[in-house]
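Engineer: give me the fold of what follows.
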Amino acid sequence: MIDDKSDVERPAPLFFVSYAHTRASHLIGTFFEDLSGHVQELIGRAPGEDPGFLDSSLVGGRRWAPELLHAVGTCQIFIPMLSASLFESTWCGYEWHAFSRRSVINRRSGRPDLETAILPVIWVPHGSSREPQVVGQIQRFAPTGLPEAAIKKYQMEGIYGLSILDPNAYRAVVWRLAQRVVGLHLSHYVEPEPRLDVTQLRNAFTEEGG
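Structural biologist: Next up, the predicted model:
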């Protein structure tokens, strides 16, 4: 059995949302709040204790502030919001690489397995030709147990489109995502790296073979 306690001073977020900063970033904030609320209910964290991390205030040269480094180095699930803008973001590529360096352990066996704890979510649909190789190697989130129409809308429109065109389908997909986040957390443990060395990070989106 894995003990997920560590000696870091700040509490570790359960999940980290990686996204490209665009004019639609306020909708990412809404999505984050919705997902956080569901995860909090499912996992039983104390009221006011945010289960996730969203880089909503750090911009430009302040991107590698201590709180961001700590979050990406200690979170348990990494959620990249897939879009063409994400793939063009050097910083998002760094975040992906920072998380992917960490070992993922099966809680039952106490050993690594094929799980990555990276949970890609479609934010805006994009052509496969624009998708970096490392992204294509990871199985993306696919909601289950929903009407086929809602699943197809998510695949065609992404979370961004769903939030505009079909709020009911949006809410259902985000709920399924929260369940997947919690299920992944209960089955696997990602070893923390709270003191990341920024000089060792690279843009995973431009690396051949990931």
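Engineer: now do the buried residues in whichever strand or helix holds residue 91.
Structural biologist: Here residue 91, judged by DSSP states H and E, is contained in helix 90-100. By neighbour count on 16 or more other Cβ atoms under 10 Å, the buried set for helix 90-100 is 91, 92, 93, 94, 95, 96, 97, 98, 99, 100. For glycine as for every other residue, the C-beta is placed from the backbone atoms N, C-alpha and C.
Engineer: quick check, the fourth one in contact with residue 201.
Structural biologist: Yes. Counting by Cβ atoms under 8 Å, a contact exists between residue 94 and residue 201, whose distance comes to 4.8 Å.
Engineer: what packs against the helix-or-strand element of the chain with minimal mean pLDDT?
Structural biologist: When each helix and strand of the chain is scored by mean pLDDT, DSSP states H and E, helix 66-74 comes last, with a mean of 91. Judged by 3 or more Cβ pairs under 8 Å, 6 or more residues apart in numbering; DSSP states H and E, helix 66-74 is in contact with strand 52-54, helix 90-100.
Engineer: so for residue 69, which of those sits nearest?
Structural biologist: In terms of Cβ to Cβ, the element of those nearest to residue 69 is helix 90-100, at 7.9 Å.
Engineer: in PDB, list the C-alpha atoms belonging to the closest one.
Structural biologist: Extracted in PDB, the C-alpha atoms of helix 90-100 (Å, rounded to 0.1, in the frame of the first residue of the first chain):
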ATOM      1  CA  THR A  90       6.100  26.400 -25.100                       C
ATOM      2  CA  TRP A  91       5.100  26.700 -21.400                       C
ATOM      3  CA  CYS A  92       2.400  24.000 -21.700                       C
ATOM      4  CA  GLY A  93       5.000  21.800 -23.300                       C
ATOM      5  CA  TYR A  94       7.300  22.400 -20.300                       C
ATOM      6  CA  GLU A  95       4.400  21.600 -17.900                       C
ATOM      7  CA  TRP A  96       3.700  18.300 -19.800                       C
ATOM      8  CA  HIS A  97       7.400  17.300 -19.600                       C
ATOM      9  CA  ALA A  98       7.600  18.300 -15.900                       C
ATOM     10  CA  PHE A  99       4.800  15.900 -15.000                       C
ATOM     11  CA  SER A 100       5.700  13.100 -17.300                       C
END
